[in-house]
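Student: Would you be able to build a 3D model of this:
(chains A and B)
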Amino acid sequence: IHPNGKFFVLSDGEGKHTTVELSEPLDEEISGVIEVVGRVTNQATIMCMSYVQFREDKSPFDLELYNEAIKIIHEFHDYFPFG
Amino acid sequence: GGYTQSPGGFGSPAGTQAEKKQRTRSQNIVPCTVSQLLAAEQVDESFRIRDVEISQVTIVGIVRHAEKAPTNILYKVDDMTAAPMDVRQWVDTDEAGGENMVVPPGTYVKVAGHLRSFQNKKSLVAFKIMPLENMNEFTTHILEIVNAHVVLRRNLMEASRGPQAFPPASMGDMGSYGGACSLPLNGLTAHQSQVLNLIKNCPVPEGMSLQELKAQLHSMSMSTIKQAVEFLSSEGHIYSTVDDDHYKSTDAE
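Tutor: Residues are numbered from 1 along each chain as shown, chains lettered A, B, ... in the order given. This next block holds a predicted model:
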């Protein structure tokens, strides 16, 4: 997380990094797996509209598996429409 | 009050059994995305997503909004595939705890319920709303959706194509394509017919080997093939040639 709290870097299920920019600085500490909903910018960063922290208190989240699942639904977009 | 049976929404539907045309109500609970539910067409009393009949469904999403009323709680659940969907949960005012606890917005939940449409607006009536404790359930739900719809659609297509080589399915038949047990029709089950046809059409003098049968019949296990061969052999449809692994048909030219 950047010191000014307006950016943070996420790494995804394949180990790739991306920068997420927030409209307002973070007012809390976050760590772990986060789901960010936002728009991709021209500089290949994400402009964050909202985020949700995943619960990992009971069991850890398998990010690589999730990544694979996402690839599958894009492959089978017939069965998983996006509005 | 409400529904006494709670499938829990975890299991994928019994999609491996071919749905018969005669059945008017889907017995399955099908995992779906909100966008699929919105796209479902209504045919009289039931809904269809591209010919797959659905009634009870599960969705997984985030609670965006929760509104408590005296008799029910109205949630808006968002799974990112479409706008948040209305989910209504009826509250038993006499029941202490349980349904009276409202799920806070921002929580991921799994909803199991019935699809409803009112004035062209779709919503769900939930019989179970469970906050997700393990986020891997989210991944599982995504995969279950793809799997369930693929399997259900494939079963429908197989059922409607209609068996040509095999006699038509009779009452009580659970789908003869790669299915478990089938009623004997014309004296032979689907498995046995398939095995016999392959053996009949084999031009090689030493006949069809069990290995070849297994290679051609992907859906059948070796033991199923062997059982079929034994039956056919005892009935006199086939006979062994060079060894017990090779068979020819008695009906062949």
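
Student: what's the distance between B:His218 and chain A?
Tutor: Here B:His218 is placed at a distance of 21 Å from chain A (C-beta to the nearest C-beta, to the nearest Å). Where C-beta positions appear, they are placed from N, C-alpha and C, glycine not excepted.

Student: Tell me how far the closest residue to B:Ser249 other than its chain neighbours lies from chain A.
Tutor: Nearest residue to B:Ser249, sequence neighbours excluded (C-beta to C-beta, 6 or more residues apart in numbering or on different chains): B:Lys200, at 4.1 Å. Per C-beta to the nearest C-beta, B:Lys200 is found 38 Å from chain A.

Student: low pLDDT regions in the stretch 1-150 of chain B?
Tutor: B:1-27, B:44-45, B:93-100 (pLDDT under 70).

Student: show me what contacts A:Arg55?
Tutor: B:108, B:132-133, B:135 (C-beta atoms under 8 Å, 6 or more residues apart in numbering or on different chains).

Student: How about A:Thr41?
Tutor: Taking C-beta under 8 Å, 6+ apart as the test, what A:Thr41 contacts is A:21, A:47.

Student: Count the neighbours of the residue nearest to B:Ser249 for me.
Tutor: Close neighbours of B:Lys200, defined as other C-beta atoms under 10 Å in any protein chain shown, add up to 16.

Student: Any chance of the backbone angles for it?
Tutor: Main-chain torsions, B:Lys200, degrees, to the nearest 10: phi -60, psi -40.

Student: Help me confirm that it comes into contact with B:Thr250.
Tutor: No. Under the criterion of C-beta atoms under 8 Å, B:Lys200 makes no contact with B:Thr250, lying 9.2 Å away.

Student: tell me the SS of whatever residue of the stretch 151-253 of chain B ends up closest to chain A?
Tutor: In the stretch 151-253 of chain B, the residue that lies nearest chain A is B:Arg153 (8.1 Å; C-beta to the nearest C-beta). Put simply, B:Arg153 is helix when judged by DSSP: H, G, I helix; E, B strand; the rest coil.

Student: which residue sits closest to it, ignoring its sequence neighbours?
Tutor: Per C-beta to C-beta, 6+ apart, closest to B:Arg153 is B:Val52, 5.7 Å.

Student: and if you look at B:Arg48?
Tutor: B:Glu41 (5.6 Å).

Student: my guess is that neighbour contacts B:Asp51, does it?
Tutor: No. Using C-beta under 8 Å, B:Glu41 is not in contact with B:Asp51; the gap is 9.7 Å.

Student: Quick one: residues contacting A:Thr18.
Tutor: Contacts of A:Thr18 by C-beta under 8 Å, 6+ apart are A:9-12, A:44-46.

Student: Just say helix, strand or coil for B:Ile225.
Tutor: helix.

Student: whoops, I mixed them up, B:Gly113
Tutor: Secondary structure assignment for B:Gly113 (three-state DSSP): strand.

Student: Show me the beta-bridge partners of it.
Tutor: Here B:Gly113 sits in beta bridges with B:Val57, B:Ala126, going by DSSP bridges.

Student: Quickly note the distance from it to A:Phe61.
Tutor: 26 Å (C-beta to C-beta, to the nearest Å).

Student: repeat for A:Leu26
Tutor: Taking C-beta to C-beta, one finds A:Leu26 at 21 Å from A:Phe61.

Student: Name the spans of chain A whose pLDDT lies under the cut-off.
Tutor: In chain A (pLDDT under 70), the answer is A:1-5, A:77-83.

Student: sorry, back to before: what about the residue of the stretch 151-253 of chain B closest to chain A, how many neighbours?
Tutor: 17.

Student: if I look at the closest residue to B:Asp251 other than its chain neighbours, how far off is B:Ile29?
Tutor: Using C-beta to C-beta, 6+ apart and skipping residues adjacent in sequence, the residue nearest B:Asp251 is B:Lys200, 6.0 Å away. Distance of B:Lys200 to B:Ile29, given as C-beta to C-beta: 43 Å.

Student: and if you look at B:Leu124?
Tutor: For B:Leu124 relative to B:Ile29 (C-beta to C-beta), the value is 12 Å.

Student: who's more crowded, the two?
Tutor: Using other C-beta under 10 Å, the more surrounded residue of B:Leu124 and B:Ile29 is B:Leu124, with 26 against 23.
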